[in-house]
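Engineer: got a structure for you, letters missing:
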């Protein structure tokens, strides 16, 4: 069993709080690597970190918001024009991905959704409650609270003999027990320290609820300015752009 590397390409919220880039995790547990979320600033982060996008074969999106999916048009067009990519690229995300991504592509670059690509682009919609083997990893997705018509997923990804859980954007929900229980790493949104709002997690609730779940390591991400100002009060790890974990 080889170590799995997780690098925070971006650890911020939608607004760049604290000067952080938007959500993007690079996981290397074999070849090729994969991304969990690909926010609009992800190509900046990948280039800054010296990471080669051609070595990424899969992008998993937890939701269809720009700070989680908005970097995909730039990733695809860079692959087409600059890198002359030949290898297949798989993008997997919530129901609605196949309809939404072409709209995002065309909003960024008119006509881009119908351009003929040099490589095979495969879109996969993840069915909540089911496991799917994609590109050598196993992905289980869980529907978490979100606005009607705006599906959000928590993800549980098995690769290299390790389990990485990812909350995406959500308030606490009991489905996270199944998504994150016993995980080697749980990357969890912690938008506020203790303020509770719909569809987002606060640190106090997260720590209280995850006690006894057998999670080996919790790392906070997607933090607001208020949460960033409270980091001296937390009792677990927190993400920073460029931070690398070995699990």
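Structural biologist: Good, I have the coordinates. Predicted model only: the values in this text are computed from it and were never measured.
Engineer: contacting residues for residue 160?
Structural biologist: 1, 2, 3, 4, 29, 30 (CB atoms under 8 Å, 6 or more residues apart in numbering). Glycine gets a C-beta too; all of them are placed from N, C-alpha and C.
Engineer: ok, for it, nearest residue in space, not its chain neighbours?
Structural biologist: residue 29 (3.2 Å; CB to CB, 6 or more residues apart in numbering).
Engineer: Any figure for the gap between the one you found and residue 2?
Structural biologist: Counting by CB to CB, to the nearest Å, the gap from residue 29 to residue 2 is 7 Å.
Engineer: quick one, which of the two is more surrounded?
Structural biologist: residue 29 (22 against 10; other CB atoms under 10 Å).
Engineer: Isn't that one up against residue 158?
Structural biologist: No - in this structure, residue 29 is not within contact of residue 158 by CB atoms under 8 Å, at 9.3 Å.
Engineer: what do those two both touch?
Structural biologist: residue 137.
Engineer: Output the lowest mean pLDDT helix or strand found in this structure.
Structural biologist: Lowest on mean pLDDT, DSSP states H and E among the helices and strands of the chain sits strand 131-134, with a mean of 92.
Engineer: Just the strands from this protein, written as ranges.
Structural biologist: 5-10, 24-28, 33-38, 56-60, 89-93, 121-125, 131-134, 137-144, 152-159, 162-166, 185-189, 218-221, 237-238, 244-246 (DSSP state E).
Engineer: Was I right to think residue 35 contacts residue 28?
Structural biologist: No - using CB under 8 Å, residue 35 is not in contact with residue 28, being 10.7 Å away.
Engineer: more neighbours, those two?
Structural biologist: residue 35 (26 against 21).
Engineer: Which strand residues bridge that one?
Structural biologist: residue 26, residue 59 (DSSP bridges).
Engineer: Just give the number of residues close to residue 184.
Structural biologist: 18.
Engineer: who are the neighbours in contact with it?
Structural biologist: Contacts of residue 184 by CB under 8 Å, 6+ apart are 4, 162, 163, 164, 216, 217, 247.
Engineer: check contacts around the first one.
Structural biologist: Under the criterion of CB under 8 Å, 6+ apart, the contact partners of residue 4 comprise 27, 28, 29, 159, 160, 161, 162, 164, 184, 246, 247.
Engineer: CSV for the contacts of residue 160, including distance to residue 144 and pLDDT?
Structural biologist: Below are these laid out as CSV (distance: CB to CB, whole Å; pLDDT from 0 to 100):
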residue, distance to residue 144, pLDDT
1, 30, 67
2, 31, 77
3, 29, 91
4, 24, 96
29, 24, 86
30, 28, 75
